[in-house]
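*Asks:* Could you work out the structure for the sequence below:
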Amino acid sequence: MNAMQEELFLELRQTQIEIEQSLTNKQKQDWLTSILEAELSDVKSAIQKLKDGNFGECEISGELLPEDLLKIIPTIKWIKDSGDLGRYYKKPISTSYL
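*Replies:* Okay, the predicted model is just below:
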């Protein structure tokens, strides 16, 4: 793992812990439960990719995802998702990702 990946690993582990605590503390299932469970699954997947050494690879094409994009969304799975970011992300995103 390089320095950026180590930093993301620690951030993802902390996020995993926080989501798991939120799910444990919820007294009833609601609309947020499914969102938290989906996010937890994505976080665990990204952590496993870091451990396996294939973090940052597009799951469809195998091409490397831009490092700047991974810093913004470390759970991104494929390059086609970057096309949707312009609609949802508040900060300007480089058009090279879109």
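*Asks:* just for this structure, where's the confidence low?
*Replies:* Applying pLDDT under 70 to the chain flags residues 83-98.
*Asks:* how does it look with 50?
*Replies:* Applying pLDDT under 50 to the chain flags residues 97-98.
*Asks:* Where do the helices of it begin and end?
*Replies:* Along the chain, counting by DSSP state H, helices occupy 3-25, 31-52, 67-72, 82-88.
*Asks:* could these be laid out in a markdown table, adding mean neighbour count and distance to residue 58?
*Replies:* Heads up, the C-betas are built off the backbone N, CA and C, glycines and all. Below are those laid out as a markdown table (neighbours: other CB atoms under 10 Å; distance: least, CB to CB, whole Å):
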| stretch | mean neighbour count | distance to residue 58 |
| --- | --- | --- |
| helix 3-25 | 14 | 16 |
| helix 31-52 | 14 | 11 |
| helix 67-72 | 14 | 11 |
| helix 82-88 | 12 | 10 |
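*Asks:* Of all those helices, which one is nearest residue 59?
*Replies:* Each of the helices of the chain has some distance to residue 59 by CB to CB; the shortest is helix 31-52, at 9.2 Å.
*Asks:* Without its sequence neighbours, what residue ends up closest to the residue sitting nearest the centre point of the chain?
*Replies:* Note on the chain: the residue nearest the mean C-alpha position is residue 75, at 1.5 Å, using CA atoms, centre = their mean. Sequence neighbours aside, residue 42 is the residue nearest to residue 75 in space, at 4.0 Å (criterion: CB to CB, 6 or more residues apart in numbering).
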